[in-house]
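In: Sequence first, predicted model second:
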Amino acid sequence: MIFPYTVDVPMERRPFANWLLIAGTILGTMMYWGSESYEHIFVLYRGEDFSALQLVGSLIGHANLGHLIGNMVALFVFGNAINAKLGHVLFLLFYAAVGVIEGLVWLAVGTGPATLGASGAIMGVIGAFLVMYPRNDISVFYWFTLMYAGSFEISAYWVILCYVGLDIWGLVTSGNGAVNYIAHVAGAAAGFAIMWGLLATRVITSDSDEMSLPEILKENSRSKKPTSGKRHVAGGRKSSAGASEDWMNFPAPSDAPPSPPSPPSASTGHAPRPAKGPRASGRG
């Protein structure tokens with residue numbers, strides 16, 4: 001078992017919106033489990049059972065406890081920093097927008113009669129994290145046996161590329177079966193693009209001690225020759241502006257080689273409850 005549990009990102013505000021989102025998702029899922037009357041709110045259906053409300057409501061419902069816990073841990077780890085950067089209202093709008101986009105993509109090209117879960121929207125949050133904090137460290141816990149457990153720190157871009165790579169691999173090799181890979185990939189792309197656009201239009205800006213992905217790429221493009229000086233990465237490493245340590249001028253991982261973390265809610269099955277008619281493919 002491998003999963004990230006904290007990120008090294010100083011936050012300028014407490015992420016109350018993300019905490020409220022997590023609490024609301026847990027409460028909504030409990031309501032869904034407790035009564036079939038909520039099924040047509042918290043599950044996204046095709047055809048005559050579809051309603052626009054399901055594009056947002058399906059981000060709340062989850063198929064089972066593992067599905068819910070996996071998604072909420074990922075949202076807590078990555079969502080707090082993005083909430084702190086965007087502010088509360090913009091963060092919630094961002095989350096909903098990514099959820100609607102990945103839901104529409106699933107309706108257009110996905111398979112199965114129904115789907116549910118927040119995994120696609122959370123992958124959007126992770127995509128946004130890659131834009132804002134690619135060099136910041138993520139602490140990863142691993143546990144294989146009682147005698148082999150611990151943690152290590154690694155740059156965020158390694159973890160996120162593993163997430164996205166595993167989803168693309170799953171989409172190519174297994175299509176859109178038990179795990180809704182198309183929603184994951186669409187959500188990550190949407191979150192990445194929206195955050196990049198917010199930076200490009202200066203709706204948000206990087207602080208003096210932060211270095212976003214666009215800034216890294218711009219710096220690399222103009223620093224082909226050695227330059228002096230260092231720039232501190234928020235909460236993380238220092239890197240020479242002109243150094244070329246790898247393909248993105250990112251520092252190598254500090255303690256351990258990259259190990260692919262488990263994608264959000266990868267264990268969920270294809271149906272939320274067998275007794276309730278159309279089977280819903282979990283988004284995780």
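Out: Thanks, I have the structure now. Everything numeric here is computed off the predicted structure, so don't read it as measured data.
In: contacts, neighbours, all on C-alpha from now
Out: Noted.
In: all helices for the stretch 101-250 of the chain, in order.
Out: Assigned by DSSP state H, counting those that start in this stretch, the helices in the stretch 101-250 of the chain fall at 119-132, 156-174, 181-200, 213-222.
In: Would you format those as TSV with distance to Ala52, mean pLDDT and mean neighbour count included?
Out: Listed next are these as TSV, based on distance: least, Cα to Cα, whole Å; pLDDT from 0 to 100; neighbours: other Cα atoms under 10 Å:
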stretch	distance to Ala52	mean pLDDT	mean neighbour count
helix 119-132	16	98	29
helix 156-174	26	93	18
helix 181-200	17	97	23
helix 213-222	34	90	14
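In: out of those helices, which comes closest to Val105?
Out: Closest to Val105 of the helices of the stretch 101-250 of the chain is helix 181-200 (Cα to Cα; 6.9 Å).
In: Contacts for that closest one next, please.
Out: With Cα atoms under 8 Å, 6 or more residues apart in numbering as the test, helix 181-200 has contacts from 94, 98-99, 101-103, 105-106, 110, 119-132, 164, 167-168, 170-171, 175-176, 204-205, 214, 283-284.
In: ok, back up a step: adding distance to Thr29 as columns, could you present the helices of the stretch 101-250 of the chain in a markdown table?
Out: Shown next, in a markdown table, are the helices of the stretch 101-250 of the chain (distance: least, Cα to Cα, whole Å):
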| stretch | distance to Thr29 |
| --- | --- |
| helix 119-132 | 14 |
| helix 156-174 | 24 |
| helix 181-200 | 19 |
| helix 213-222 | 35 |
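In: I'd like to know which of those helices lies nearest to Met72.
Out: Among the helices of the stretch 101-250 of the chain, helix 119-132 sits nearest to Met72 (Cα to Cα), with 8.8 Å.
In: Packing partners of that closest one?
Out: The elements that helix 119-132 packs onto, with contact taken as 3 or more Cα pairs under 8 Å, 6 or more residues apart in numbering; DSSP states H and E, are helix 65-86, helix 88-109, helix 156-174, helix 181-200, helix 213-222.
In: Redo those helices as TSV? Include distance to Met30.
Out: Compiled in TSV, the helices and strands packed on helix 119-132 are given as follows (distance: least, Cα to Cα, whole Å):
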stretch	distance to Met30
helix 65-86	10
helix 88-109	20
helix 156-174	27
helix 181-200	23
helix 213-222	38
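In: Select, out of those, the one closest to Leu146.
Out: helix 65-86 (21.3 Å).
In: where are the low-confidence patches of the stretch 1-150 of the chain?
Out: Residue ranges of the stretch 1-150 of the chain with pLDDT under 70: none are present.
In: how far away is Phe144 from Ser155?
Out: Using Cα to Cα, to the nearest Å, we find Phe144 at a distance of 22 Å from Ser155.
In: Compare those two (neighbour count), which wins?
Out: Here Phe144 and Ser155 are compared on neighbour count by other Cα atoms under 10 Å; more neighbours surround Ser155, at 24 against 10.
In: right, and the more buried one touches Asp137 too?
Out: Yes - judged on Cα atoms under 8 Å, Ser155 makes contact with Asp137 at a distance of 4.5 Å.
In: and for these two, which residues touch both?
Out: By Cα under 8 Å, 6+ apart, no residue touches both Ser155 and Asp137.
In: Number of residues surrounding Ala23?
Out: Neighbour count for Ala23, taken as other Cα under 10 Å: 13.
In: which SS state does it fall under?
Out: Secondary structure assignment for Ala23 (DSSP: H, G, I helix; E, B strand; the rest coil): helix.
In: what do you get for Pro4?
Out: strand.
In: contacting residues for the nearest residue to it once chain neighbours are set aside?
Out: With Cα to Cα, 6 or more residues apart in numbering as the criterion, Pro4 has its nearest non-adjacent residue at 4.0 Å, and that residue is Val140. Residues in contact with Val140, defined by Cα under 8 Å, 6+ apart, are 2-6, 151-154.
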